[in-house]
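Q: Quick one: sequence and predicted model below, then my questions.
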Amino acid sequence: MVSFNRKPFLQVPVRESVDFLGIKEEDTSDYKFKRLSRVSQLKVKILYEFVVNNKYIPKEHRKPTKKQAEFLVRLDREVFFGGAAGGGKSDALLMAALMFVEYPQYKAILFRKTFTDLALPDALMDRARAWLSDTDAKWEDKRKSWVFPSGATLTFAYMKTDGDRYRYQSAQFHFIGFDELTQFNQIVYDYLFSRLRKAANDPIPLRVRSASNPGNIGHDWVKDKFISTKKFIKSLLTDNPYLNIDDYKRSLAVLDPVTRKQLEEGDWDVSFQGNMFKRHWFPIVQASPASYKRKVRFWDLAATEKIEGKNEPDYCTGTLMARDGNKAIVLDVVHVRLAPTETEATIAAVAKSDGLSTRIVIEQEGGAAAKLLVDIYKRTILKGYRVEASKPTANKVVRAKLVSAAAGRGEISVVEADWNNSWFSELIGFPDGIHDDQVDSLSGAYNTLFVTGNVSSKGLPQAAPVPKVGWT
């Protein structure tokens, strides 16, 4: 039994229904309440003391949904709330973070992947502002923290890279929350447990709480760690009575079947599963493109407006790859779908950023129009740079075999960046996914650096010779 020192738990009778805890309203009379199990009594007391009676949680949220209530009353060290979009996960995280703010020593922190994710309309930080602006809590913008009269704090933070976790190596928290956990690598999640600590005789429970939809870069590790365990609370659209479910389903209907099933049904098993790339094959690193001399930017211009059998046009994709001995590193991926003039401006800007030493290769599909397009880039848009055309002589799957094999051997690392999620999703789904532009651009960059000429369906090419002085 966990005890709390601030003041006694709310004493029965409990006047409102608590069906979502598996306790009937008529069982909360003084007499019947005493006959409930100690676990059930504790759940009722936690819910009413720290949620229903919490003045920092808006009245419209003080009667949580059944799944939210289950999430809030748990005192386990870690609990994961995941599944369908619209299941009330973000509200549940914020409520959980606010539960013990009347304790003077309480410290809570909520993480998103980027500051932009935190600050978006109706995202965690914006939502907290709406909840707390009219209370006696004070916002400290420099620290991105709410400070309560008790001295307790609720801080909002982000970790764009795995290395950002070391910014918190001297901090300690009672509560650590992750919104959209699948956007993080496991090394970040595990490290933050070292920041979960308290003083002796401190009555506040230590908690790590997280929420997410299926998908993204951390899908596999989150699934392995939580799904099918007691630490997992599955949320569905139908769990949230405050959501206009029919309208939201119409919004989700435009998505590809896999993403729609993940977001609408909270399905952790469905995915685009190709047979050529696995997420764990690619080590994630921190590196500066300037530290590599042998680099190529390979462009798949995706000139066609509509690809037969696909739901939407392809993207223009440029992969920047460097070679270091027999290993490669993906330094950057530009992945855009813009009007022709905007695309040209983007490619010109990227070339300027990459520098004159970076070799530029443009995939040239068959036909006079494609040849003319590459010629225009050489003579005008990319004039002054070393620009070459690459004429594919095999289909996309054959061209991807070499880079797939190298990745399987652990020879291709990836710089951690915002584009990682989209990139890995496409690779893992290849060749059965909706798009293949990023895979084609990756194959082109690798084959340019490591093989002679274009990849032929008649056999694998020989290793590329040491490049001539001039593209260092």
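A: Alright, I've got the coordinates.
Q: Show me which residues of stretch 280-299 are buried.
A: Neighbour-count burial for stretch 280-299, counted by 16 or more other C-beta atoms under 10 Å, picks out Trp281, Phe282, Ile284, Pro289, Tyr292, Arg294, Lys295, Val296, Arg297, Phe298, Trp299. (C-beta placed from N, C-alpha, C; glycine too.)
Q: now for the helix or strand hosting the last one, which elements pack on it?
A: For Trp299, the enclosing helix or strand under DSSP states H and E is strand 295-300. Counting contacts by 3 or more C-beta pairs under 8 Å, 6 or more residues apart in numbering; DSSP states H and E, strand 295-300 is packed against strand 316-324, helix 340-354, strand 359-363, helix 437-450.
Q: if I look at Leu402, how far off is Ala69?
A: Separation of Leu402 from Ala69 (C-beta to C-beta, to the nearest Å): 53 Å.
Q: Comparing those two, which residue is more hemmed in?
A: It is Ala69, of Leu402 and Ala69, that has more neighbours when counted by other C-beta atoms under 10 Å, with 22 against 17.
Q: In a strand, that one, correct?
A: No: under DSSP: H, G, I helix; E, B strand; the rest coil, Ala69 falls outside any strand and is assigned helix.
Q: list the contacts for the nearest residue to Val333 once chain neighbours are set aside?
A: What sits nearest to Val333 in space, not counting adjacent residues and going by C-beta to C-beta, 6 or more residues apart in numbering, is Trp419, at 4.8 Å. If a contact means C-beta atoms under 8 Å, 6 or more residues apart in numbering, then Trp419 has Asp332, Val333, His335 as its contacts.
Q: how near is Trp419 to Leu442?
A: Separation of Trp419 from Leu442 (C-beta to C-beta): 12 Å.
Q: how does the chain divide up, domain by domain?
A: As given by automatic domain parsing, the domain ranges for the chain are 54-265, 279-450.
Q: so Asp224 is in which element?
A: Assigned by DSSP H and E, Asp224 belongs to helix 219-226.
Q: no, scratch that, I was asking about Val44
A: Per DSSP H and E: helix 38-47 holds Val44.
Q: Tell me both backbone torsions, phi and psi, for the residue most central in space within the chain.
A: Residue closest to the average C-alpha location in the chain (C-alpha atoms, centre = their mean): Gln183, at 2.0 Å. Dihedral pair for Gln183: phi -80, psi -10, per degrees, to the nearest 10.
Q: pretty sure it contacts Asn216?
A: Yes: counting by C-beta atoms under 8 Å, Asn216 is a contact partner of Gln183 at 5.2 Å.
Q: Find residues that contact each of the two.
A: Both Gln183 and Asn216 are in contact with Asn421, where contact means C-beta under 8 Å, 6+ apart.
Q: how about stretch 41-58 as CSV, C-alpha atoms only?
A: Taking Å, rounded to 0.1, in the frame of the first residue of the first chain, the C-alpha atoms of stretch 41-58 are listed here in CSV:
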residue,chain,number,x,y,z
GLN,A,41,-9.8,1.4,-2.7
LEU,A,42,-6.4,2.8,-3.6
LYS,A,43,-7.4,3.3,-7.2
VAL,A,44,-10.6,5.2,-6.2
LYS,A,45,-8.7,7.4,-3.8
ILE,A,46,-5.9,8.2,-6.3
LEU,A,47,-8.4,9.1,-9.0
TYR,A,48,-10.5,11.4,-6.8
GLU,A,49,-7.6,13.0,-4.8
PHE,A,50,-5.3,13.7,-7.7
VAL,A,51,-7.5,14.0,-10.8
VAL,A,52,-11.2,14.7,-10.0
ASN,A,53,-10.2,17.2,-7.2
ASN,A,54,-7.2,18.6,-9.1
LYS,A,55,-7.8,22.3,-9.7
TYR,A,56,-5.1,22.4,-12.4
ILE,A,57,-7.0,20.0,-14.6
PRO,A,58,-9.9,21.7,-16.4
